[in-house]
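pasting the sequence and the predicted model now:
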Amino acid sequence: MNGYYDENIGTGGTSPSGSIAMQNTAGASGMARLTFTGTLGTGPWASNWGTGGNLVTERSLNPVFEARVQASSNTDVRHVVGFTDMALNATTSADTDNSANEVFFRKIAAGTNWEAVTRSGSGTENVTTLATACAGGTACTTTALRTMRIELENVGANGTARFYIDGTLVATHTTTAVPANTNRLGWLLTNTPTTTTYSGRTLDMDYVRVWSDDPPSSIAPGDVGQNDGVEGNTNTTENVDTPVPEDNSNEALLSRIKTLEEDISGLNQYKDVLTTEAIGESSLKKAIFITDVEFRKQVEFSADALFKANVNVDGTLNANGRVVVSNNTGTITIQPGQTEIQVLFAKSLQGKPNVFLSTENPDVKVVAQTRTKDGFVIKLSEPISEPLDVQWFAVEKE
């Protein structure tokens, strides 16, 4: 997205003006510097690059901001880099509460380190001072370009804001200070000296990118694709790592059923036993149930199981393989940093369902909560360090 330059030059002085000028800098693809010319009079002053007070995104769109910048001084200057709803020609005239809604990196006037800041609806700021966030120096170094990245994710009650410097996660905010999901945001990079001597108090920018990521797969509408979003580059590249989706069409399901029919004759001799408490602790490798079956104790499915009639489970059901139950089944991938994820049914049920979950990691427990006719929430017992696939199916109560 194209940026917009705006400025505030205060009053008085001799031909004062803000400035954005190209710089010839080794290791940068095309450096632009926020600075001033002339003699400054009475402040506040500001030299800004961003959306010019236009609000273009919000938390519900899962926006991402990334900029490669270098501050030239650690004293007598303020910087803001990230999402904000500051107005046109805004100045960071104070060290705190710069705008009503904030998700940005900030350097205060006398600070030597970046801060990670969130604020929602003019409430209380949540500030993390990044003392030693990056290897090789403090976060607000004046000797090297830093890649500043913010990921705003619309998950949970408050959402999540993640702050990265040079690829390292340096802060995560999940409190009510994260802007509400519909609070509108622009983006901005500011250079605000706090002294008339602006020479040496600049902000250099190599690049700025803003885009929206896809929402979690459990809540993504069917018509949202990889390239949809309010911001982003026009260039597209093929994602060679995208897995081929499983075919759950009627034809594919019927084909799988056919491969199981050879086991029906062997199971028929046990159909009377399956309706008694003798089912407890049994293990079915492959099965197809063509009548109502009642499980009164624990049953483990170690392979595919297709239920074509009602299933009532009074005990515990451990589905270690893949279970297909009409339309109400699927696989959800939970990413590191997430503790819960919402599942919405493609079609509302008649009432609150029984929900059964399984994973390939026995050390992580998952539970289904907030079960309604429209869906449920999968919650982890503890944080995870790697993506976790959770297979689920929901059985509608009569």
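Arrived safely.

on the three-state scheme, the nearest residue to residue 203 once chain neighbours are set aside is what?
Once flanking residues are discounted, residue 203 sits nearest to residue 191: 4.1 Å by CB to CB, 6 or more residues apart in numbering. Backbone N, C-alpha and C define where each C-beta goes, glycine included. Per DSSP: H, G, I helix; E, B strand; the rest coil, the local secondary structure of residue 191 is strand.

I'd say residue 191 and residue 79 touch.
Yes: Residue 191 is in contact with residue 79 according to CB atoms under 8 Å; the separation is 6.3 Å.

out of those two, which sits in the busier spot?
residue 191 (32 against 25; other CB atoms under 10 Å).

so who does the more buried one touch?
Contact analysis of residue 191 by CB atoms under 8 Å, 6 or more residues apart in numbering lists 34-35, 46-48, 77, 79, 201-203.

could you redo the last one with a cut-off of 10 Å?
7, 18-20, 33-36, 45-49, 69, 71-73, 77-80, 92, 198, 201-205 (CB atoms under 10 Å, 6 or more residues apart in numbering).

on that earlier part again, pLDDT at the residue nearest to residue 203, what is it?
If you check residue 191, the pLDDT there is 90.

equivalent analysis for the one 3 residues further on, please.
According to the prediction, residue 194 has pLDDT 87.

which non-adjacent residue is nearest residue 208?
residue 67 (4.4 Å).

would you map the helices across the stretch 51-200 of the chain?
Under the criterion DSSP state H, counting those that start in this stretch, the stretch 51-200 of the chain carries no helices.

so where's it uncertain?
74, 131-142 (pLDDT under 70).

returning to that earlier point: list residues touching both of residue 191 and residue 79?
With CB under 10 Å, 6+ apart as the test, residue 191 and residue 79 both reach 34, 69, 71, 73, 92, 201-203.

can you list the residues you listed in a markdown table and add distance to residue 386 and neighbour count?
As requested, those are exported to a markdown table (distance: CB to CB, whole Å; neighbours: other CB atoms under 10 Å):
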| residue | distance to residue 386 | neighbour count |
| --- | --- | --- |
| 34 | 41 | 26 |
| 69 | 32 | 21 |
| 71 | 35 | 19 |
| 73 | 41 | 18 |
| 92 | 40 | 26 |
| 201 | 44 | 24 |
| 202 | 42 | 22 |
| 203 | 37 | 27 |
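
can you lay out those residues as a markdown table showing distance to residue 331?
Formatted as a markdown table, those follow (distance: CB to CB, whole Å):
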| residue | distance to residue 331 |
| --- | --- |
| 34 | 47 |
| 69 | 40 |
| 71 | 45 |
| 73 | 52 |
| 92 | 46 |
| 201 | 53 |
| 202 | 50 |
| 203 | 45 |
